[in-house]
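> What follows is a protein structure lacking sequence information:
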């Protein structure tokens, strides 16, 4: 059985679609704990696939984000927030 917990929000500023104006956004975050037998399915066209990845590798993938686009920017900030909140990385990393 899944259990969802509110985790807060992430605020960030980026460029709009034109690349000339700034756009502010707030993403409200939730932690979702799933059972070991849960298998997510990509059915809405938002993602190509899901993979179970160890958290240290997730941290490395987000760090590589600066050089190549592995995640949408709004996804990367939510992942970074999770890594910080759960102690997988420190603010000094």
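Happy to help now that I have it. Keep in mind that what you see is a predicted model, and the values were worked out from it rather than measured. Residues are numbered from 1 along each chain as shown.
> okay, the most centrally placed residue in the chain: pLDDT?
Geometric centre of the chain, nearest residue: residue 79, 3.0 Å, by CA atoms, centre = their mean. Model confidence at residue 79, given as pLDDT, is 93.
> How about residue 86?
93.
> before we move on, back to that, pretty sure the residue nearest to the centre of the chain is touching residue 60, no?
No: in this structure, residue 79 is not within contact of residue 60 by CB atoms under 8 Å, at 11.5 Å. From N, CA and C alone the C-beta is placed, and that goes for glycine too.
> helices or strands up against the lowest-mean-pLDDT helix or strand in the chain?
In the chain, the helix or strand scored least confidently by mean pLDDT, DSSP states H and E is helix 55-64, which has a mean of 88. Counting contacts by 3 or more CB pairs under 8 Å, 6 or more residues apart in numbering; DSSP states H and E, helix 55-64 is packed against helix 73-85.
> Report the angle between the helix it packs on and helix 55-64.
For helix 73-85 against helix 55-64, the angle by axes from the mean of the first three to the mean of the last three CA atoms, to 10 degrees is 130 degrees.
> For helix 73-85, buried residues please.
Residues 76-83 are the ones in helix 73-85 that count as buried (16 or more other CB atoms under 10 Å).
> name the helices or strands packed onto that helix?
Using 3+ CB pairs under 8 Å, 6+ apart, helix 73-85 is in contact with strand 3-15, strand 22-33, helix 55-64.
> returning to that earlier point: mind listing what the residue nearest to the centre of the chain touches?
Residues near residue 79 by CB atoms under 8 Å, 6 or more residues apart in numbering: 58, 62, 71.
> what's the neighbour count on the first one?
Translated: residue 58. A count of neighbours around residue 58, defined by other CB atoms under 10 Å, yields 17.
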